[in-house]
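Peer 1: 3D model of this:
(2 chains)
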There are 2 protein chains.
Amino acid sequence: MTTRPQIKLGLSMRYLGYHAAAWRHPDADPAGASKLSHFIRVAQTAEAAKFDMVFLADGIGIRARDEPPGALSQSAQTAELEPLTLLSALSAVTSRIGLVSTASTTYNEPFHIARKFASLDHISGGRAGWNIVTSWSDAEARNFNREEHVEYATRYERAAEFVEVVKGLWDSWEEDALCMDKASGRFFDPAKLHALNHVGKHFRVQGPLSVKRTPQGRPILVQAGVSEVGMEIAAASAEVVYAVSHDLETGLGYYNNLKDRLEKYGRGRDELKVMPGLTIFTGHTESEAREKYDMMNALVPPQLGLSYLYGQMGDLSAYPLDGPVPEPTNPKVRSIARNLLTMARNDNLSIRDLYTITAAGFGTRVLIGTGPQVVDEMEAWVDAGAADGFNICPPILPLGLDDFVTFIMPELRRRGMFRTEYEGTTLRENLGAKMPKNRYS
Amino acid sequence: MTTRPQIKLGLSMRYLGYHAAAWRHPDADPAGASKLSHFIRVAQTAEAAKFDMVFLADGIGIRARDEPPGALSQSAQTAELEPLTLLSALSAVTSRIGLVSTASTTYNEPFHIARKFASLDHISGGRAGWNIVTSWSDAEARNFNREEHVEYATRYERAAEFVEVVKGLWDSWEEDALCMDKASGRFFDPAKLHALNHVGKHFRVQGPLSVKRTPQGRPILVQAGVSEVGMEIAAASAEVVYAVSHDLETGLGYYNNLKDRLEKYGRGRDELKVMPGLTIFTGHTESEAREKYDMMNALVPPQLGLSYLYGQMGDLSAYPLDGPVPEPTNPKVRSIARNLLTMARNDNLSIRDLYTITAAGFGTRVLIGTGPQVVDEMEAWVDAGAADGFNICPPILPLGLDDFVTFIMPELRRRGMFRTEYEGTTLRENLGAKMPKNRYS
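Peer 2: The predicted structure follows:
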């Protein structure tokens, strides 16, 4: 019997996977991202493999832009299903796996969010999670009565207040408020139902919530912020953080930075799980894994590939794809472009090479190798103290998930790193997270 | 073979049913309204009986008030599940029945509503419907940054614009926009994706919607308004109207008033189905039906019963329950109170009698009798041209639905008034409603 700490695993399943050309793969159903049957297949496979949770990232609109021209019509990241609606449907055909949806604090109201996630928590028997984001695109702003995105400080100030209101609403009903005494005719104990009466800078919300206390006390809170305020929100409230670090040193720094913040909120270092994202190409051999990677990259149309560089480096469509990466013409180039350029120079990358790297995992860290090779990397991060688990972002679904189950999962279990059966019935139990106390109890 | 026009049937399934004391019934699961299993039982029963749709009314908060004191804690209409979340879950365990959810235009944004209902339409294979409401309570306003409810004119002006924006977003993708051509790398035809660019008094919404055109073209639109603007919104856009008329004369007037408005929107009289609500107590004999009615009424605690009169007549708790209904002390009594009072005088009703009538069906018209007696009433409305179908609001669930299936359904079918099998796979097909044309196609 192993005493090794168990890692947590999430599965990101937005669109058809994280590779820009997933829909062109010969085995892909290109319409899958709009089909419930596709997501049932994915979620049930992940549940059979005992993943802690499936996760849906989100944007409230089409963020992809037609830059350079022609790129947009090559992108499958344009049509999808609304994530909460989708996860609610999946809750009826799964029984153990956590269901985590993204929702923006910038373009929502806290009462709606508190109500919907509390409902999902009931419907799923305690498997709901809310990934708290503030959104970032002008495309979304323009769907909500604005010309451009709300600026950072206001957005995060609103987010922090939003989360507090939602948590307050989730405490409306004490655990034992519903006595439901048919004999006396008393349905609930009014001393155990609480109006929030929140009056703040961004919100006035009276409450109480019209959904009783949920199986998990409250849904699991997830965050992915790397900014100061985002990390403080995570430290104050979240049970899970999706991290985006690409190298161990950065990952370790982020991990410790975040965990160090927990103490001032009276929380232990174990109460927040840090789960970096991984896009994995794997197979029986390293060369098979590499072939899969190369095959999918060859499916990226040039305009679509260039669109992945456009935001950082502008329009490179006038340059030869297999030639060197030009110096940015914009003198106020951002540090992320400078890093891309340094990478291109150091590794002698062409324009095609450079966009291939970013398009392969939508910016997530990419690993290519056999099961043992990939698990070596995962284990190194866990042992170094840079990860409590991983958020798996397959390049293509369901194929990439099947590969993970076939090649990675047995190796994780051989090393005693991952469960063979769920510990509990709720996401909170499987994450080993504490039940929250109701502020009124 | 009958050529008789077929009626349409909806099932309202909010809370545990429409009777104020449903939760106290000996066979009721008082916690049912927060359980998915309860609603699966109800929806699957309705589907087996070939109902056109299940329907969830909604309020975004606890509308019930503690007037007179003590009433609130006796009400089960305080804790429930959010309807879209719930219907999404039900979509995965049903296959033919329509799924209609209420959503308010006053406390939502059109992009969210367009996106969620379009997603439900995809997930359910073309069975989604949106019941358009403007909300009415201060309790809801206070959950959304306001002190009191938005006044009528603004609310309905916003509603009309809201519906137009949502319909516009639903046209974003033409039917055949997604070519998904793996060979060329073109995912969609950009000439067939349209930004809405709506700029109006209440909303600026750019679009396009990030959900492709749905199986029904767009979800079915439902309305329940009796006001001028509400009826115009219904005439312009709705396929179904839930009516609340209590007598045939009023019902007939409402029906014709509404149908007469269709022509100016270029719509035929058949394109909008008028479905009055009915709360039915039935059994093998009239006396058995009456016994069920009396038994449930006896379960209404006095404060809860008085709360149903409070809004119209004020606090009557100081008067003997079995004594006469007092004259209203408020000289500016509203017409609805005057009607209640006239009814009480004419029929020699006590206070208890009066609240019993309103608490039995939450204001819906109540019918008590055997299958043939109830169907006589239904048939009379259909033959008179006052109804195209009915929205069944059982006093208690699932019991009242089971009674409907046992006692009413066979009689409806014996008279050739209701289907024995679904005509199609989508709600639109079963309602016999036309596919909407995309404005750009």
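
Peer 1: Which residues of the stretch 151-300 of chain A lie near chain B?
Peer 2: Residues of the stretch 151-300 of chain A found near chain B, taking C-beta under 8 Å from any C-beta of the partner chain as the criterion, are A:173, A:178, A:180, A:182, A:185-190, A:193, A:203-208, A:210-212, A:299. In short, each C-beta sits where N, CA and C put it, glycine included.

Peer 1: The stretch 151-300 of chain A: helices as residue ranges?
Peer 2: In the stretch 151-300 of chain A, the helices defined using DSSP state H, counting those that start in this stretch lie at A:152-170, A:228-237, A:248-260, A:286-297.

Peer 1: in the first one, what's buried?
Peer 2: Judged by neighbour count using 16 or more other C-beta atoms under 10 Å in any protein chain shown, the buried positions of helix A:152-170 are A:155-170.

Peer 1: So, low pLDDT: which residues of chain A?
Peer 2: The model of chain A has pLDDT under 70 over residues A:1-3, A:329-335.

Peer 1: Any idea what A:Asp181 is bridged to?
Peer 2: Under DSSP bridges, the beta-bridge partners of A:Asp181 are A:Arg186.

Peer 1: can you pull out the strands in the stretch 101-250 of chain A?
Peer 2: Under the criterion DSSP state E, counting those that start in this stretch, strands of the stretch 101-250 of chain A are mapped to A:128-133, A:198-199, A:204-205, A:220-223, A:240-243.

Peer 1: who touches A:Leu84 in this structure?
Peer 2: By C-beta atoms under 8 Å, 6 or more residues apart in numbering or on different chains, the contact list for A:Leu84 reads A:Ser101, A:Ala103, A:Lys116, A:Phe117, A:Leu120, B:Thr85, B:Ser88, B:Lys116.

Peer 1: Around chain B, which positions in the stretch 301-441 of chain A sit nearby?
Peer 2: A:Pro301, A:Leu304.

Peer 1: Burial check on the closest residue to A:Gly17 other than its chain neighbours, number of neighbours?
Peer 2: With C-beta to C-beta, 6 or more residues apart in numbering or on different chains as the criterion, A:Gly17 has its nearest non-adjacent residue at 3.9 Å, and that residue is A:Ile396. When neighbours are counted by other C-beta atoms under 10 Å in any protein chain shown, A:Ile396 registers 26.

Peer 1: got the buried residues for the helix or strand hosting A:Val382?
Peer 2: Secondary-structure assignment from DSSP states H and E places A:Val382 in helix A:371-384. Buried residues in helix A:371-384, counting neighbours by 16+ other C-beta under 10 Å, are found at A:Gly371, A:Gln373, A:Val374, A:Val375, A:Glu377, A:Met378, A:Glu379, A:Trp381, A:Val382.

Peer 1: Describe which strands the helix or strand following that helix pairs with in its sheet and in which direction.
Peer 2: For helix A:371-384, the following helix or strand on the C-terminal side (DSSP H and E) is strand A:389-392. Strands that pair with strand A:389-392, judged by DSSP bridges, come out as strand A:8-12 (parallel), strand A:273-281 (parallel).

Peer 1: Now the closest residue to chain B within the stretch 251-400 of chain A: phi and psi?
Peer 2: Here the stretch 251-400 of chain A gets closest to chain B at one residue, A:Pro301, 4.0 Å apart by C-beta to the nearest C-beta. Per-residue torsions, A:Pro301: phi -70, psi 150 (degrees, to the nearest 10).

Peer 1: what do you get for A:Gly59?
Peer 2: According to degrees, to the nearest 10, A:Gly59 has phi -140, psi 140.

Peer 1: That one touches A:Ser135, doesn't it?
Peer 2: Yes - A:Gly59 is within contact range of A:Ser135, at 7.0 Å (criterion: C-beta atoms under 8 Å).

Peer 1: of those two, who's got more company?
Peer 2: Ranked by neighbour count (other C-beta under 10 Å), A:Gly59 and A:Ser135 place A:Ser135 first, with 25 against 20.

Peer 1: what's the distance between the more buried one and A:Thr102?
Peer 2: Look at A:Ser135 and A:Thr102: by C-beta to C-beta, to the nearest Å, they are 10 Å apart.

Peer 1: about what we covered before: other residues contacting the helix holding A:Val382?
Peer 2: For helix A:371-384, contacts defined as C-beta under 8 Å, 6+ apart pick out A:5, A:7, A:248, A:251-252, A:276, A:278, A:280, A:282, A:286, A:367, A:369, A:387-388, A:390, A:407-408, A:410-412, A:415, A:417.

Peer 1: Sort out which of the residues of the stretch 151-300 of chain A next to chain B are buried, if you could.
Peer 2: Among those, those scoring as buried are A:173, A:178, A:180, A:182, A:185-188, A:190, A:193, A:203-208, A:210-212, A:299 (criterion: 16+ other C-beta under 10 Å).

Peer 1: if I pick A:Cys179, what's in contact with it?
Peer 2: Shown in contact with A:Cys179 (C-beta under 8 Å, 6+ apart): A:Arg186, A:Phe187, A:Phe188, A:Asp189.
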